[in-house]
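[1] Sequence first, predicted coordinates after that:
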Amino acid sequence: MAKKIIQNPRGTRDILPEEQRYFDFIYAVADAESRRSGFDKIETPIIEDASLFERGVGKDTDIVEKEMYTFKDKSGNVLALRPEGTASVVRSYIQNGMQNLPKPLKFFYYGPMFRYGRPQAGRYRQFYHFGVEIIGDKKPINDLLAMSLMWRICSNIGLTDISLQINSIGCPNCRPKYKKQLLEYIKESNKNICKDCQRRAKKNPLRVLDCKEASCQNTIEGAPVTLNSLCKDCHDHFRELLEYLDELEIGYELNPKLVRGLDYYTKTVFEIWTKSDGGQNSLGGGGRYDGLIELLGGKPTPAVGFSLGVDRIVDLLKNQKIEIPATSEKADVFVAQLGDVAKKKCIRLMHDLHMEGVGAEGCIEKKGISDQLKMANKLGVPITLLIGQKEAFDNTVIIKDMQSGNQEIYPREKVVREIKKRLNSAGD
RNA sequence: GUGGCCAUAGUGUAGCGGUAACACAACAGCUUGUGGAGCUGUUAUCACGGGUUCGAACCCCGUUGGCCACCCCA
């Protein structure tokens, strides 16, 4: 016996069948909803050149500075486990010459992301994103498309008590002006701001706005707001977006304190929040990133996207005890046998059922018929087929209805068709 | 990276210095031609390492892991 049991790395976890149902369900809803809206699936590597994220997400962001899994491979390349998906999709867009495809391009993707941080509720080192990117069109209708898709996915999953938070943080034309205003304001009220915020003020002043400290909240109450210093372009863009949003009946909230932690966002930013307490309240977020593609070496191309934190949605579904549909693909029939000759006949019978698309299970190792029925019962199959020595000799099969307990003897060659008939009529 | 709480069969818990108990699950048997019930039995070097003690699941230190909050974000 091994003395030391190897366990999974901190912040990662095994998603066992019981929990997997939730992930599968969320992916299935999000996948279907996205395709229905004209999005295509794209998959990019989990590892990328580390500089992709340094340039794209921002070298000074916490994500890249402190939380990225960076390592050297055997030939000395500096690679990173992706901390998010957008930079990869943009890289792929540029690299594969998609600049020449008709715009806008609409992609979705899902899979694991990695950030090194202290794990806690709703926060893992390996976590799962479902993300969407719309590339190549600057018009606000695309912001709306992204938001409404995000909203639809969440509500189709069964989430209630959610709200869409939105803001505009301007563009390279108007943001510097705003930053200056904000810094001046902070300077005047410097005493009423927490330590962290004094540090933030230097690195990324916008982040002071979403500090949770009560003292800071008080100070921030009267702070200048990004919306008031938007340039004409940003202002018109945002107003048009709000007009569209009003057409939809989505409960959005204008949140002047909403700021995002990645450098590449411009203009529109948004998040989807749950109102239930406990754990993290942000289920996903996104925004427009008009400068990113150029920054990564492509032609200047506007884009907008979002991602959802799948783990957090799973947690929420569980906490709120929201029912999800049961997994549909499973065995409908159990095949039981008694005796060596019958065992071989059962192997063939199961194979024929499988070839005809019928889900079948059998436990030919078990000796007693009693044990096998016990197993069939646990599996919850509606029908059990039995072949004993007598049936093997007569070339017949017993069809047993598990609910009523009734059994009928059928000739072997008619069994598969009969089973298909029964399962189809039961399914309606 | 910082702080608080925690760690006992597969799961959920009891035991709070005198060498592990309960429920459910699982497995085996009663039962090689019939399941859902029942009964019987089996399943823990008390996370790991060290220390205090005649004696540690229990007290102390360390490690690892978990939860929660900060930070950060999804």
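    Happy to help now that I have it.

[2] Contacts only, for residue A:304.
    Residues counted as contacts of residue A:304 (CB atoms under 8 Å, 6 or more residues apart in numbering) are A:133-134, A:142-143, A:146, A:268, A:286-289. The C-beta positions use only the backbone N, C-alpha and C, and glycine is treated the same way.

[3] ok, residue A:64 to residue A:235 distance?
    31 Å (CB to CB, to the nearest Å).

[4] Looking at these two, which is more packed in?
    The residue with more neighbours, out of residue A:64 and residue A:235 and counting by other CB atoms under 10 Å, is residue A:64; that gives 23 against 17.

[5] Confirm that that one sits in a helix.
    Yes - using DSSP: H, G, I helix; E, B strand; the rest coil, the assignment for residue A:64 is a helix.

[6] Next one: it from residue A:167, what distance?
    Counting by CB to CB, the gap between residue A:64 and residue A:167 amounts to 23 Å.

[7] before we move on, what about residue A:203?
    Taking CB to CB as the measure, residue A:203 and residue A:167 are separated by 20 Å.

[8] These two: which is more packed in?
    Set side by side, residue A:203 and residue A:167 show unequal neighbour counts under other CB under 10 Å, the larger going to residue A:167 at 24 against 11.

[9] Next, count neighbours for the closest residue to that one other than its chain neighbours.
    With CB to CB, 6 or more residues apart in numbering as the measure, residue A:258 is the residue that lies nearest to residue A:167, at 4.0 Å, once sequence neighbours are left out. Residue A:258 is flanked by 23 other residues according to other CB under 10 Å.

[10] Let's verify residue A:258: helix, strand, or coil?
    What three-state DSSP gives for residue A:258 is coil.

[11] Hmm, residue A:166 and it touching each other?
    Yes - taking contacts as CB atoms under 8 Å, residue A:258 lies within contact range of residue A:166: 6.9 Å.

[12] which residues touch the residue nearest to residue A:167?
    Going by CB under 8 Å, 6+ apart, the list of residues near residue A:258 reads A:165-167, A:209-210, A:269-271.

[13] Just put those in TSV and tack on pLDDT and distance to residue A:303.
    As requested, the contacts of residue A:258 are exported to TSV (pLDDT from 0 to 100; distance: CB to CB, whole Å):
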residue	pLDDT	distance to residue A:303
A:165	94	21
A:166	94	17
A:167	95	18
A:209	81	24
A:210	76	24
A:269	95	14
A:270	96	15
A:271	95	18
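
[14] quick one, what contacts the one residue in the stretch 201-350 of chain A that gets nearest to RNA strand B?
    Of all residues in the stretch 201-350 of chain A, the one sitting closest to RNA strand B is residue A:261 (1.8 Å; CB to the nearest atom of the strand). Taking CB under 8 Å, 6+ apart as the definition of contact, the neighbours of residue A:261 are A:61-63, A:207.

[15] Residues of the stretch 51-200 of chain A that sit close to RNA strand B?
    Listed as neighbours of RNA strand B in the stretch 51-200 of chain A under the rule CB under 7 Å from any atom of the strand: A:61-63, A:67, A:84, A:115, A:117-124, A:127, A:129, A:196, A:200.

[16] now those: which count as buried?
    Neighbour-count burial within these applies to A:61-63, A:84, A:115, A:122-124, A:127, A:129, A:200; the criterion is 16 or more other CB atoms under 10 Å.

[17] Just the ones of those in strands?
    In strands, judged by DSSP state E, the following of these are found: A:127, A:129.

[18] about what we covered before: in the contacts of residue A:304, find the pair that's most separated.
    Maximum pairwise distance among the contacts of residue A:304 (CB to CB): 14.0 Å, between A:133 and A:268.

[19] on that earlier part again, list residues touching both of residue A:258 and residue A:166?
    Taking CB under 8 Å, 6+ apart as the contact rule, the neighbours common to residue A:258 and residue A:166 are A:269-270.

[20] what secondary structure does residue A:419 sit in?
    With three-state DSSP as the criterion, residue A:419 reads helix.

[21] show me what contacts it?
    If a contact means CB under 8 Å, 6+ apart, then residue A:419 has A:332-333, A:353, A:358, A:383, A:385, A:399 as its contacts.

[22] could those residues be laid out in CSV, adding distance to residue A:154 and pLDDT?
    As requested, these are arranged in CSV below (distance: CB to CB, whole Å; pLDDT from 0 to 100):
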residue, distance to residue A:154, pLDDT
A:332, 33, 90
A:333, 38, 94
A:353, 40, 95
A:358, 36, 93
A:383, 39, 94
A:385, 44, 95
A:399, 45, 96
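
[23] Okay, and which of those residues map to helices?
    With helices taken from DSSP state H, the overlap with those comprises residue A:353.
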